[in-house]
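Give me the fold of what follows.
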Amino acid sequence: MAHKNYNYWMMFGASAADKAQGTVIVEGGGYTLLKAGFTEEWDASAYYGLTAEEAKDARLSHYFVDYTTKTPLDVGFIAGPMIIRDEAFLTEWRQTAIGWFYAKDLTSAERAVKLTKYEGPLQMATAGSVEGAFEALSAVRAVETDPDDIALQDYLLGLAANYLGKFPR
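Next comes the predicted model:
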C-alpha cells in the first residue's frame with residue numbers, strides 16, 4: 001500500500017502511543033506532525049502520509065507557527081513555500097473542474113450554465129483558498145441532483161479533504 005512509503009504523518013488527535021512510534025516534529029491545535037515509518041496499528045485513514053518536502057511545508061501551518069508578531073514581509077517569506085504549494089494544488093483542482101465540462105458534449109450555453117453553478121468554488125480556488133473552495137463546493141454538493149456532477153464534486157471534495165488533512169488550516 002502506498003501509505004506505507006511515507007516517513008512523515010499529519011495526525012489530528014494523536015494518542016501518546018501514536019507519538020511514541022516516532023519523533024514529534026511539531027504540535028499545535030490538536031495536530032501533530034510526526035516522523036515515523038508506518039505502523040500497522042494505526043488507522044491510516046485518520047492520518048495523512050507526507051513526503052519530506054510536504055512535511056517541510058506542513059510545519060508552516062498557523063497551528064505550529066505563531067504569526068501574530070510577524071510583519072507582512074516575514075509572513076510572506078515564511079509562508080511562501082506553502083502558498084506556492086496551495087497555488088499549484090488549486091490550479092490543478094480548478095483545471096479538473098473546468099476540463100470536466102469541456103470534455104462533455106455540451107453546447108456553449110450548457111457549458112456556461114455548468115460553470116456558473118461552480119462560480120463560488122472556482123472563485124475561491126482562484127483567490128488561493130483551499131478551505132474556501134472546499135466549503136463552497138460542499139454547499140453546491142449539498143443540493144446537487146445530477147449524478148454526473150455528483151461524481152465530479154465528490155472527486156474534487158476528496159482531493160481537497162486529503163490536501164487539507166496534510167496541510168491543516
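
Touching, Ile150 and Glu144? I think so.
Yes - the pair Ile150 / Glu144 is scored as a contact, 5.3 Å apart, by CB atoms under 8 Å. (Glycine included, C-beta is placed from N, CA and C.)

more crowded one of the two?
Per other CB atoms under 10 Å, whichever of Ile150 and Glu144 has more neighbours is Glu144, with 16 against 12.

For the more buried one, grab phi and psi.
Taking degrees, to the nearest 10, you get phi -70, psi 140 for the backbone angles of Glu144.

quick one: contacts for it?
Shown in contact with Glu144 (CB atoms under 8 Å, 6 or more residues apart in numbering): Ile150, Gln153.

and what of Leu50?
Here Leu50 is in contact with Tyr6, Tyr8, Trp9, Met10, Leu33, Ala58, Lys166 (CB under 8 Å, 6+ apart).

what's the model's confidence in the top helix by length along the chain, averaged?
Taking DSSP state H as the criterion, the chain has its longest helix at helix 72-102. Summarised as a single mean, pLDDT over helix 72-102 is 95.

Show me what counts as buried in the next helix or strand after that helix.
Following helix 72-102 in sequence order, the next helix or strand is helix 108-117 (DSSP states H and E). For helix 108-117, a neighbour-count test (16 or more other CB atoms under 10 Å) marks Lys114, Lys117 as buried.

quick one, the helix or strand that helix 108-117 is followed by and helix 108-117 angle?
Going down the chain from helix 108-117, the next helix or strand is helix 119-127, by DSSP H and E. When axes from the mean of the first three to the mean of the last three CA atoms, to 10 degrees is applied, the directions of helix 119-127 and helix 108-117 differ by 70 degrees.

quick one: helix 119-127 to chain centroid distance?
How far helix 119-127 lies from its chain's middle: 15 Å, per CA atoms, centre = their mean, to the nearest Å.
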